[in-house]
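>>> okay, here's the prediction I keep looking at, along with the sequence it came from:
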2 protein chains.
Amino acid sequence: MATLLTIGDAAKESGLSAKMIRHYEQSGLLRKSPRTDAGYRLYNSEQINQLRFIRQARNLGFSLHDIQSLLALWQDPQRESRVVKQLAQQHLDEIAGKIAELQHMQQVLTALADSCRGDGSPHCHILQQLAKPG
Amino acid sequence: MATLLTIGDAAKESGLSAKMIRHYEQSGLLRKSPRTDAGYRLYNSEQINQLRFIRQARNLGFSLHDIQSLLALWQDPQRESRVVKQLAQQHLDEIAGKIAELQHMQQVLTALADSCRGDGSPHCHILQQLAKPG
DNA sequence: GTTTGACCTTGCCATAATGGTAAGGTTTAG
DNA sequence: CTAAACCTTACCATTATGGCAAGGTCAAAC
């Protein structure tokens, strides 16, 4: 059965917002969807699957740019899994980089916060440290 | 000695870019700096210190919004260190949240990547998983 | 004294991904 | 027939930063 959903229902089905779906279409991530006579977008189950794919990739932190590649690979029966894995690995490297950066901030700031009494007095190592020229 | 620096030198001294300094001024983070007759901004050593303060806070990931508060606290001799510590703790919570989120992505994606052969064949668990309805 | 290069100025546009709002058309249920 | 709940487009906002362009200024070299 070729059930066709309007964008609101497609949003509910996919876990995206209608706003995002329109945005993805406009930015070329999705092909333009067919419309009713009144101009309402319609989505079939294949397109719903695409939307779900996008949502899951977003949940893994992939950029829309990367997702465009992932979608293309997904739809290419001739793809080499090497390419997909490479994309994933690249993204993992990025994630690891961000984690490291955040952990560094965490470490430094935790040390500072620990040495701040946090009471009613104005003395505070955090401000003191931020004010140091280093 | 009241050495006055132009914005380029202030940028070098502080580790910020001239663009950022102008932006900080325009967004109210910094007071409007005095100008030469020709309209060039001039910075004295106190303002250079402020710029350094901002850079260090940025390095710890504080938003410009938070930095505005930090600057105000820094310049208030009546501050209570409690307030500073609270700000820091709040930011630490945010950092921890982001780290957790990234680590979750890392974990899931690593598992997927590990189960992708990454060779010349089209078979790929990563795409398979992204395509699953869950 | 003029030229040249390195500065400075403002203003506008771009990024990434999303949300909000407004003004207006459509469909459906009462 | 009307009201609610949809849909449409278009524009603006967010966050922090970079880039570019058109034009003014300053210092040094010629």
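Good, I have the coordinates.

>>> ok, which stretches of chain A are helices?
A:7-14, A:18-26, A:45-59, A:64-75, A:81-114, A:125-131 (DSSP state H).

>>> quick check on the residue located most distally from the centre of chain A: phi, psi?
Relative to the C-alpha centroid of chain A, counting by Cα atoms, centre = their mean, A:Ser121 is the outermost residue, at 42.9 Å. Backbone torsions for A:Ser121, taken as degrees, to the nearest 10, come to phi -90, psi 150.

>>> ok, now which ones touch it?
B:Glu80, B:Ser81 (Cβ atoms under 8 Å, 6 or more residues apart in numbering or on different chains). Where you see a C-beta, it was placed from the backbone N, CA and C, and this is true even at glycine.

>>> returning to that earlier point: which of the helices of chain A sits closest to B:Tyr24?
helix A:125-131 (15.0 Å; Cβ to Cβ).

>>> rewinding a little: so which of the helices of chain A is nearest chain B?
helix A:81-114 (3.5 Å; Cβ to the nearest Cβ).

>>> list the buried residues of that closest one.
A:81, A:83-85, A:87-88, A:91-92, A:95, A:98-99, A:101-102, A:105-106, A:109, A:112-113 (16 or more other Cβ atoms under 10 Å in any protein chain shown).

>>> also stretch A:65-76?
Here stretch A:65-76 shows A:Asp66, A:Ile67, A:Gln68, A:Leu70, A:Leu71, A:Leu73, A:Trp74 as buried, counting by 16+ other Cβ under 10 Å.

>>> need the per-residue pLDDT for the fifth one.
Here the pLDDT value assigned to A:Leu71 is 97.

>>> I'd assumed A:Gln50 was in contact with it.
Yes - using Cβ atoms under 8 Å, A:Leu71 is in contact with A:Gln50, at 6.9 Å.

>>> which residues does A:Ile54 contact?
A:Ser14, A:Leu16, A:Tyr24, A:Leu29, A:Ile67, A:Leu71.

>>> can I get these in a markdown table including distance to A:Tyr40?
Listed next are those as a markdown table, based on distance: Cβ to Cβ, whole Å:
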| residue | distance to A:Tyr40 |
| --- | --- |
| A:Ser14 | 17 |
| A:Leu16 | 17 |
| A:Tyr24 | 17 |
| A:Leu29 | 20 |
| A:Ile67 | 25 |
| A:Leu71 | 24 |
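
>>> tell me which of the residues you listed is nearest to B:Asn59?
Among the contacts of A:Ile54, and counting by Cβ to Cβ, the member closest to B:Asn59 is A:Ile67, at 31.0 Å.

>>> in contact with the nearest residue to that closest one once chain neighbours are set aside, which residues?
Leaving aside its chain neighbours, A:Ile67 sits nearest to A:Ala57 (4.7 Å; criterion: Cβ to Cβ, 6 or more residues apart in numbering or on different chains). Residues near A:Ala57 by Cβ under 8 Å, 6+ apart: A:Asp66, A:Ile67, A:Leu70, B:Leu130.

>>> hmm, try it at 10 Å
A:Ala57 is in contact with A:Ser63, A:Leu64, A:Asp66, A:Ile67, A:Leu70, A:Leu71, A:Trp74, A:His91, B:Leu109, B:Ile126, B:Leu127, B:Leu130, counting by Cβ atoms under 10 Å, 6 or more residues apart in numbering or on different chains.

>>> residues touching the first one, list them.
When you say that, I think you mean A:Ser63. A:Ala57, A:Ser69, A:His91, A:Glu94.

>>> turn these into a markdown table, including distance to DNA strand C.
Supplementary listing: those in a markdown table, determined by distance: Cβ to the nearest atom of the strand, whole Å:
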| residue | distance to DNA strand C |
| --- | --- |
| A:Ala57 | 10 |
| A:Ser69 | 12 |
| A:His91 | 11 |
| A:Glu94 | 11 |
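
>>> which bits of chain A sit near DNA strand D?
Within chain A, the positions near DNA strand D by Cβ under 7 Å from any atom of the strand are A:Thr6, A:Ile7, A:Gly8, A:Asp9, A:Ala18, A:Arg22, A:Arg35, A:Gly39, A:Tyr40, A:Arg41.
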